[in-house]
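>>> Here is the input, now give the coordinates:
(chains A, B and C, ligands or ions: 3)
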Amino acid sequence: MSLQNEIHFTSERLQEIDVLVKKYPGKRSALLPVLHMAQEDFGYLSMAAQQLVADTLNLRLMVVREVVTFYTMFREKPCGTYLLEVCTNAGCMLNGANELLAHMTESLGIEVGETTSDGMFTVTEVECAGACGGAPVVQINNEYHEKVDATYMDAFITRVSGGQS
Amino acid sequence: MISSDPKQVKAICFDRIHLENQTSLAVAKKNGAYKFLPTVLKDFDNERIMDEVKKSGLRGRGGAGFPTGLKWSFVPRLTGKPTYLLCNADEGEPGTFKDRDIMRFDPHLLIEGMLMSGFALGVKDAYIYIRGEFLHEANVLDAAIEEAYAANLLGENILGTDFSMDLTVHRGAGAYICGEETALIESLEGRPGRPRFKPPFPAVEGFYRCPTVVNNVETLATIPAILEFGGDWHAAIGVPNNTGMKIFSVSGHVNKPGNYEVPMGTSLKTLIEEYCGGLQHGTVPKVIIPGGSSTPWLLAEHYDTPLTYDAMMKAGSMLGSGAIIVMDETADVIALTRRLTHFYAHESCGQCSPCREGTGWLERVMIRVENGQGCEEDLTVLYDVATHMAGRTICALADGAAAPILSLLKHFPDEVRARLMEKAA
Amino acid sequence: MTTLFINEEEVTVSSGTSILEACRTHGADVPYFCYHPELSVAANCRMCLVEVEGWGKPAASCCTPVGEGMRVTTHSESLSKDREMIMEYLLINHPLDCPVCDQGGECKLQDYAVEHGSSHGRYKEIKRAVVDHNLGPFVSTCMTRCIHCTRCVRFAEEIAGTGDMGVLNRSDHMRIEGVVEDALASELSGNLADICPVGALLDKPSHDVSRPWEVKRHKSTCTQCPQGCDIVIESRGDEVIRIKPDHDMGESWICDRGRYVHDSFRSDARILTPSIRTDSGMQVVTWDAAVEKTVNLLKDKRVGIVFSPDWSIEGLTSIRLLHDRIFKDAKVAFDLHRRDMRPFAFEEGFGMTPENIVTADEVVILGSDLRQRLPILMQGLRKRTFSNKPVTRIGAMNYRTNSELTHDALIRPREWGAVIARAMQQLKDLGKTAAGMDAWLSAVPERHEAGKLLADALLADSCALLVGEEIRSHADAAALIHGLDLIARASGHGEEGRDARNLIPEGMNASLLSAVFGDIRTSVSDLFDAAHDGELDALLLIGSDPLGDGLFSMQAKRAMGKVPLVQVGAVAGDVSEYADVMLPASAYSEVDGTFINMSGNVRNADEPLSTVGEGRPLWKVMMRLIQGFDVDVPAVDVREIRTLVQGYLPSLAVLWSDCVDDAWHMPVARQKDAIFLPTGIAPVMALDVISRYSMYREGAWVRASKSLTEAGHIRALDDVLLHPNTLQAAGLKPGACLVRTASGDFTFDVGVRDDVVEGVLFIAKRGVAGDLSCEVMASLGGGQ
Ligand SMILES: Cc1cc2nc3c(=O)[nH]c(=O)nc-3n(C[C@H](O)[C@H](O)[C@H](O)COP(=O)(O)O)c2cc1C
Ligand code: SF4
Ligand code: FES
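Ligands and ions are numbered 1, 2, ... in the order given. As a prediction, the model looks like this:
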């Protein structure tokens, strides 16, 4: 029935959640932060992870599902070691983001949304990152890299791939 | 240091932004942070603060430009329920990136602004709702808040007064719509960010159905200066009804994109040419989106328009959040419109039929038009779909989605028709 | 109050009303999808746009409150264009498959498309495809037709209180999803198909059976539980297509039991013709032959009559006529759940209206699985959660409910006396007394803390006690009910107008039955024992099925094996195997009849379906029997029957005079001199026995229904349940166990659940472990 036995929060996490919950007038408010934690701990939000969050906060699974599927940062599938999120909205588009994205997918040999076969890189297209002054912007595992060009990306990919690629 | 002479003011929110290590409490304090806070907590009362903020003429910097003092005055007193203060740090409007700089370089300014605002509104619990992508900024804020707690600037009996306030940073998780204040509240309650219909307005029934004030980062960061130097001082900056300084996030085809805090009333042209180093190509812009992607476009003929809420309105657009996207003659306005329709289709929360179905419809038609597979009827469809979405939904996202389409059809019908012909040939 | 103008007409409504509601009550037609009067406002379809003078843009009327002096326009050229566009938005991703859609003909989308839509669609792009869900045996889905109005999600959350439905994703990927097991957990799931304004959620049993325009509607009364909801039966020719709540009579919802039972109306289980037993089995005969055989079997015999309480008033009275004219000395019984036949201080039925119960300051459920017993009342109680009003429950089992219980005390049946005594003591200490309290108190030495909840509730201004089967079926029921009556009176809740006393009856017509049969009724178990012991010569069962229902299947089986049996009824069932004669009577849906529900409200059913086979209304069957005994027939038409009813109950005269209808109310009888003190039942065995009432198994109609039986299987539990500690204390493990009782030893599959109070043997499946139900106590033997 419940999938909760497959994975657990560590006791430190549970303590953290206890503290967190007290910061809000209602327990449910802790849902987004706890989902962030679960994603950090388990890599992505599998059904088991969603059930775990539901049980931890005493919510119905559907309540958790609604939230997970609404927000784009929550992933229901695993992604590569490096998640490369390219902003292609107005500011970045006007400064070459589409060309950058094309270059990246081509050199990694994948389509947007896919992960390289070695599980190293996932490339996605995202909406305005809120850093248009530094367009084009690429988030690498949630860290902002601004004024990125093909050379910069190639260097990065080569570096983390251990010099090959 | 902010000058007490309104004519001499160079910056308000960005006053300390370029100083090293401003995120550390010790440095921030040395540079003047929290200097005036004890005076406010000890000598000011609620009415006086309200008065100063009203006098200041400050209008919300989040997009709608609603007078902050007036918004605060809608909060009912003595309801027996707590009042909440929520800082809107969702910064999702394409083109906007100003709040991020305040948070990552001068977090204590925001904290101080929230303390003073919270004090004025009788708030016990305040939250900063920050977009999930701003992980670094959230960490900076968290660290600053921790230091503030340790220094008794937050928590119980702040600086030995009766005033107690807790402040929590809450990360979103990727949804532009959560910048809309009632969607933000829904999200902060642990739900999908689907805007609520109004009335009731958040001031009366917001977070957990209690009175709630939602203000933008920049708005709140302006409060300390207003209280220190007085409402009249602030009102003397800028132009009447459009007072104070304003941060403009300039992006697109300019040589020096970035955030510039200038007095309200500065002209578009001055900002772009004197601050932003002019256009990348040519001398006159093809299109200027003055207030974020949801605002109607301006053309070269509007280049001299002063940057004020009123003048922008008169020119047929809006000042919005002050996110100026500039396009020079090289821009493909059709591709840009298509890209923006994708944004709105992707970000619609999905509840209102016109927005849910209309945004997707617009995108699909625009893809065809961009690829030269459009036809004349598409122009009518785009127009009908856009006009009947705007103003008929729960929130203004649908209006924002209509703006680029209607601007394109209004200003560049020939370019669109040429595209139809071009590929048809 | 607020005064505004709707299409130039001045209208006054209470302040805070929405513009849409103001329009609806004043006959101004505003189209809408997502609005529903019983649900919270979502304002997402945007179909309900109207114009308000001075406002720059149209307003969604469902979520905009009226304002003083507001000038509203509901029709204009620009609104027509808006509505046309909304229709276009909604239809771009719609499959446009009206010809094959069950909703066709009663679909808001279709109607509005005709009324407000444009003649051709301009959408040329690819349509969205959506996966369907399994929402259980009653609801089928076609989610591409969904318009995302979220009515179903709001229904699940606000009304049903069970069932995990939600909205996944955003933008035009948004979709409604339900989780099957949970959606099923609702006994109200059938309403989902009603609530969906389009063809996305459909009624599964009637799927593909008919089109709405082919059906005929019959207003009727549901007799599947004592609530007696007003229903509309939809039929096509001889076939029953659907049962729906009668919205005209103010019913919003009906339960799945009342809704889906209809497949039994035309099932193989119906008794269609008179028949008699021959050496080669049952044989169809003429009415004359069957009546002759009946007379042979019953004439001048000592007869036991057991009937079902769910017949119409006319039918029930005719049973009394049969008794008075032919079987003056017969034993008569009808309540298959009552052990104690001493008169109750307050009879079965409700002293309060459901509305008053729902709004009372305090509600206490005493020993009842209310959600199974009275699902619609339980739904009402759920509304209390939203206004933070408490609901307290005391009883032997933590039955699952769809609303949060404020207090939930688990007690053993043998502790009821101590619970009531504890409450009584508290009231007495506060100086609140009633004559007879001291005697009652001194008869019970123990006190149980759960009684504090009861007393606290009675101290409120208004309070409702819902007295359930654990007390009604108790061996010492009369004493317990006397005790409850005393504390109700002591706390000022014993008077008309402030009455707290509600005794949940077994079936319909409770107040009528105690008035008409109060003087002659006996206990079913005594009656069957008498037959078994040779004190009766024959049994006449009228619609009652003691083998499938109630507590006394063991006694019934023994008795029926001994003496001849005449069965009159509409559905056969296991008893038919014992019948020597079977006489068909019309179903409740097939009679022009009158019913009284648990609150004493009268329900008229006067648009009957045609009877199948040779069945006739019960009163006619009874008259035919009387005639068979060569006695003058007292009535030849329904009017005469009604006149005779008034002989037993003069107050009923008004009933049929002038369409008094629902306003007429028959109060519950009170017996001030029904003074009984608890005797204390010697605890000769370790365990108390309680049996479960299941809305998907109890009742002959339900057992004859395929769809309800299917639902019953999905919810099946182990035969017998115990608290884990109880089993452990006996040194046993779940599985086959020996259960010892006064009437013998049985082996059952025993399961464990925390929900059962320790020391109680809970019979979850009466069908399997049913014969145990008559026991009050048991003990555990060994495992196997
Ligand atoms: C679709 C939509 C998105 C919005 N996004 C933001 C945002 O990212 N940041 C913000 O401060 N305000 C945003 N707003 C405006 C807020 O609803 C609200 O007006 C603002 O936070 C009020 O703060 P202010 O009075 O200080 O401007 C948005 C509004 C809409 C309709
Ligand atoms: S307009 Fe769009 S984003 Fe706003 S509430 Fe409606 S569906 Fe959601
Ligand atoms: S009925 Fe008003 S928006 Fe749906």
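
>>> so how far is chain B from residue C:607?
39 Å (CB to the nearest CB, to the nearest Å). Just so you know, the C-beta spots here come from the backbone N, C-alpha and C atoms, and that holds for glycine as well.

>>> Checking my notes, that residue in a helix, right?
No. Using DSSP: H, G, I helix; E, B strand; the rest coil, the assignment for residue C:607 is coil, not a helix.

>>> hang on, isn't it packed against residue C:230?
No. Counting by CB atoms under 8 Å, residue C:607 does not reach residue C:230; the two are 11.7 Å apart.

>>> Same drill for the two, tell me which one is more crowded.
residue C:230 (22 against 14; other CB atoms under 10 Å in any protein chain shown).

>>> Report the contact partners of the more buried one.
Residues counted as contacts of residue C:230 (CB atoms under 8 Å, 6 or more residues apart in numbering or on different chains) are C:219-222, C:245-246, C:249-251, C:603.

>>> now residue C:202
Neighbours of residue C:202 in contact, by CB under 8 Å, 6+ apart: C:102-103, C:139-142, C:193, C:196.

>>> Can you list which of these are found in strands?
The strands, defined by DSSP state E, take in C:139-141 from the contacts of residue C:202.

>>> Just among the residues you listed, which is most surrounded?
residue C:139 (27 neighbours).

>>> which non-adjacent residue is nearest that residue?
residue C:192 (5.1 Å; CB to CB, 6 or more residues apart in numbering or on different chains).

>>> That neighbour against residue C:135, yeah?
Yes. Using CB under 8 Å, residue C:192 makes contact with residue C:135 at a distance of 7.0 Å.

>>> Around chain B, pick out the residues from the stretch 151-300 of chain C.
For the stretch 151-300 of chain C, the residues in contact with chain B (CB under 8 Å from any CB of the partner chain) are C:167, C:169-174.

>>> Make a markdown table out of those residues and add pLDDT.
Converted to a markdown table, these look like this (pLDDT from 0 to 100):
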| residue | pLDDT |
| --- | --- |
| C:167 | 95 |
| C:169 | 96 |
| C:170 | 97 |
| C:171 | 95 |
| C:172 | 93 |
| C:173 | 95 |
| C:174 | 95 |
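
>>> Can you add secondary structure and give the residues you listed back as CSV?
CSV is the format used below for these (three-state DSSP):
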residue, secondary structure
C:167, strand
C:169, coil
C:170, coil
C:171, helix
C:172, helix
C:173, helix
C:174, coil
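
>>> Looking at those residues, which two lie furthest apart in space?
C:167 and C:172 (12.7 Å; CB to CB).

>>> Quick check: neighbours shared by these two?
With CB under 8 Å, 6+ apart, residue C:167 and residue C:172 have common neighbours residue B:350.

>>> Next one: the residue nearest to residue B:413 when sequence neighbours are not counted relative to ligand 2, how far apart?
The shortest distance from residue B:413 to any non-neighbouring residue, by CB to CB, 6+ apart, is to residue B:379 (7.2 Å). With the distance defined as CB to the nearest ligand atom, to the nearest Å, residue B:379 ends up 23 Å from ligand 2.

>>> Residue B:422: how many residues sit nearby?
Close neighbours of residue B:422, defined as other CB under 10 Å, add up to 9.

>>> whoops, residue C:144 was the one
Neighbours of residue C:144 (other CB under 10 Å): 18.

>>> three-state assignment of the residue of the stretch 51-200 of chain C at minimum distance from ligand 3?
Relative to ligand 3, the nearest point of the stretch 51-200 of chain C is residue C:62 (3.1 Å; CB to the nearest ligand atom). What three-state DSSP gives for residue C:62 is helix.

>>> Grab the nearest non-local neighbour of the residue of the stretch 101-250 of chain B found nearest ligand 1.
Nearest residue of the stretch 101-250 of chain B to ligand 1: residue B:179, at 2.2 Å (CB to the nearest ligand atom). The spatial neighbour of residue B:179 that comes closest, neighbours along the chain excluded (CB to CB, 6+ apart), is residue B:90 at 3.7 Å.

>>> shouldn't the one you found be in contact with residue B:181?
No. At 9.5 Å, residue B:90 does not count as touching residue B:181 under the criterion of CB under 8 Å.

>>> how about the residue of the stretch 201-350 of chain C found nearest chain A, what does it touch?
Proximity of the stretch 201-350 of chain C to chain A (CB to the nearest CB) peaks at residue C:201, 16.4 Å away. Counting by CB under 8 Å, 6+ apart, residue C:201 touches C:135, C:139-141, C:152, C:192-193, C:195.
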